[in-house]
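A.B. asks: Could you work out the structure for the sequence below:
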Amino acid sequence: MRILVTFAVDAEFALWRRMRRFRRTRWATRPAYVTQIDGAEIGVVLTGVGPQRARQAAFEVMMAEPVDICVSTGLAGALQAEHLPSEIVAARGVWSEEESRTIRSDELLLQWAGECGARTVERLCTADHLVLTAREKASLGVFADAVEMESFEVLKEARAWNVRAVAVRAISDAAGEDLPLDFTGLVGARGELRIFHLLKEIARHPVSWPALVRFGRQSRRAAASLALFLDRYVAHLANRRAELHSEVAEEISCT
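C.D. replies: Numbering: from 1, shown residues only. The predicted structure follows:
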């Protein structure tokens, strides 16, 4: 069994990478980190931030590599007050702000995410820009439980290549919180944080420093919570692969 796990940036993945012996390799044209968990091959690909980068990365990998399961993951901002930082949410579907439609997660993968400790929610929103303010979060809360920038495109590519997929996210900031800075210009072409630009922004807005420190701590705790969840979850998937295969066989026999 091969499981593809996608993150936008390394900061979301780093804590899990330290827990497991991932080795550097390539999947298709993309750098990848690979490990074995309970007989399954786990490949992590960093897509970069935003729908376009996620679409291109998912297309390149799934076109060239045999993948059985795809987990789109990373951090997300809450859109509902009930979702608190470090909570793990697994979405029944992902709504695209750009396309105004929803793609559903695989029901069996969703069920198993719940068994591993994720909270099942109705919908994530994939936005085409960073959602910075509590006011904008409130407007998007009409449509979804949390907001991120990649999962719709990853799940759309998975559907195109007949790969079972699920969207799982860790909450990094509460619905009522503004982000401490506009990070739009602080992210490079590959999704990396431009430290020099960040320091310039802090110098321009020194009052943002306490909120930035708090946001950093929340994000790190959320990433730690996600790492622990993913380690349980992919092991669970590996140990139940016979059920996935039998379900596929039933679907084929019914066609």
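A.B. asks: which residues of the stretch 151-255 of the chain score low on pLDDT?
C.D. replies: 180-209, 211, 245-255 (pLDDT under 70).
A.B. asks: can you give me the strands for it?
C.D. replies: Under the criterion DSSP state E, counting those that start in this stretch, strands of the stretch 151-255 of the chain are mapped to 164-173.
A.B. asks: Backbone dihedrals for Glu82, both of them.
C.D. replies: phi -70, psi -20 (degrees, to the nearest 10).
A.B. asks: how close does it get to Val121?
C.D. replies: 9 Å (C-beta to C-beta, to the nearest Å). Quick note: C-beta positions are derived from backbone N, CA and C, even for glycine.
A.B. asks: Ala235 too?
C.D. replies: Applying C-beta to C-beta, the value for Ala235 to Val121 is 23 Å.
A.B. asks: For the stretch 101-250 of the chain, which segments count as helices?
C.D. replies: 107-115, 134-140, 151-160, 195-204, 209-239, 241-253 (DSSP state H, counting those that start in this stretch).
A.B. asks: In JSON lines, list the ones you listed along with mean neighbour count and distance to Trp16.
C.D. replies: Formatted as JSON lines, the helices of the stretch 101-250 of the chain follow (neighbours: other C-beta atoms under 10 Å; distance: least, C-beta to C-beta, whole Å):
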{"stretch": "helix 107-115", "mean neighbour count": "16", "distance to Trp16": "16"}
{"stretch": "helix 134-140", "mean neighbour count": "16", "distance to Trp16": "27"}
{"stretch": "helix 151-160", "mean neighbour count": "25", "distance to Trp16": "17"}
{"stretch": "helix 195-204", "mean neighbour count": "12", "distance to Trp16": "22"}
{"stretch": "helix 209-239", "mean neighbour count": "18", "distance to Trp16": "4"}
{"stretch": "helix 241-253", "mean neighbour count": "11", "distance to Trp16": "21"}
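A.B. asks: can you redo those helices as CSV with distance to Asp10?
C.D. replies: Putting the helices of the stretch 101-250 of the chain into CSV (distance: least, C-beta to C-beta, whole Å) gives the following:
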stretch, distance to Asp10
helix 107-115, 23
helix 134-140, 25
helix 151-160, 17
helix 195-204, 13
helix 209-239, 10
helix 241-253, 28
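A.B. asks: and of those helices, who's closest to Ala175?
C.D. replies: Closest to Ala175 of those, according to C-beta to C-beta: helix 134-140, at 5.2 Å.
A.B. asks: Now do the closest one, average pLDDT.
C.D. replies: Computed over helix 134-140, the mean pLDDT rounds to 95.
A.B. asks: same deal with stretch 94-106?
C.D. replies: For stretch 94-106, the mean per-residue pLDDT is 94.
A.B. asks: list the buried ones in it?
C.D. replies: Val94, Trp95, Ser96, Glu97, Thr102, Ile103, Arg104, Ser105, Asp106 (16 or more other C-beta atoms under 10 Å).
A.B. asks: from those residues, which two are the most distant?
C.D. replies: Glu97 and Asp106 (22.5 Å).
A.B. asks: picking up where we left off before, so of the buried residues of stretch 94-106, which ones are in strands?
C.D. replies: Counting by DSSP state E, these place Val94, Trp95, Ser96, Thr102, Ile103, Arg104 in strands.
A.B. asks: and these as a markdown table, adding distance to Leu228?
C.D. replies: Shown next, in a markdown table, are these (distance: C-beta to C-beta, whole Å):
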| residue | distance to Leu228 |
| --- | --- |
| Val94 | 23 |
| Trp95 | 27 |
| Ser96 | 29 |
| Thr102 | 29 |
| Ile103 | 27 |
| Arg104 | 26 |
